[in-house]
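Trainee: Quick one: sequence plus predicted model below, questions after.
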Amino acid sequence: MKVKEGDRFPDFSVNDDEGNNVTLDAIKGKTTVIYFYPKDDTPGCTKEACNFRDDLEKFKTCGVPIYGVSVDSLESHKKFKKKYNLDFPLLSDKEKKLVEELGIKSIIGNAKRVTFVLDADGKIIKIYPNVSPDKHSKELIEFINGLS
């Protein structure tokens, strides 16, 4: 991994599943969760996304937005979101620029399963390099609740 806790998250410009451009500057201003996952509609990735979906109100109560990122296409993201009723943005790093810059590209070219928690200024305050899809959402809520 090319970044560590305390570093500023790299500037980025990618599209979300609705075709909106999302940048680091646009999401700054609050604690934010950016989680990377290998592939839409695969068992572990689906479990992780659905747990975020099921716990979304808890994140909203804390004022913390969630962004999921993979190297899948926008069309793949749209299908994945619709199939599982996911109500948070999925970002497409199809060009693999962000996963390469972060040093989290897998051997086969997908994103590794890694989560970053950013502060309001875009600084990385927590990295989860070894995520368990079953427990990760709850683990993040516990960490975020400990920030206040």
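Mentor: The structure has been received and is ready for your questions. Residues are numbered from 1 along each chain as shown.

Trainee: Could you list the low-confidence segments of the protein?
Mentor: Residue ranges of the chain with pLDDT under 70: 148.

Trainee: Need the residue closest to the centroid of it.
Mentor: Taking Cα atoms, centre = their mean, the centroid of the chain lies closest to residue 35, which sits 2.2 Å from it.

Trainee: Can you verify that one is assigned to a helix?
Mentor: No. If the criterion is DSSP: H, G, I helix; E, B strand; the rest coil, then residue 35 is strand and not within a helix.

Trainee: just checking, it touches residue 66?
Mentor: Yes. In this structure residue 35 lies within contact range of residue 66 using Cβ atoms under 8 Å: 7.0 Å. Bear in mind the C-beta positions are built from the backbone N, C-alpha and C, glycine included.

Trainee: Residues touching the strand or helix carrying residue 91, excluding its own?
Mentor: According to DSSP states H and E, residue 91 maps onto strand 90-92. Strand 90-92 is contacted from outside by 14-17, 22, 40, 67-74, 77, 80-81, using Cβ atoms under 8 Å, 6 or more residues apart in numbering.

Trainee: Please tell me how far the residue nearest to the centre of the chain sits from residue 104.
Mentor: As for residue 35, its distance to residue 104 is 11 Å (criterion: Cβ to Cβ, to the nearest Å).

Trainee: Now list whatever residues contact both of the two.
Mentor: Common neighbours of residue 35 and residue 104, using Cβ under 8 Å, 6+ apart, are residue 114.

Trainee: coming back round to it: roughly how far apart are the residue nearest to the centre of the chain and residue 142?
Mentor: Computed as Cβ to Cβ, the residue 35 to residue 142 distance reads 15 Å.

Trainee: do the same with residue 22
Mentor: To residue 142, residue 22 is 26 Å away according to Cβ to Cβ.

Trainee: These two: who's more crowded?
Mentor: Neighbour count, other Cβ atoms under 10 Å: between residue 22 and residue 142, residue 22 has more, with 19 against 10.

Trainee: Just list the residues touching the more buried one, thanks.
Mentor: Counted by Cβ under 8 Å, 6+ apart, residue 22 has contacts 12-16, 67, 89, 91.

Trainee: what do you get if the cut-off is 6 Å, keeping everything else the same?
Mentor: 14, 16, 91 (Cβ atoms under 6 Å, 6 or more residues apart in numbering).
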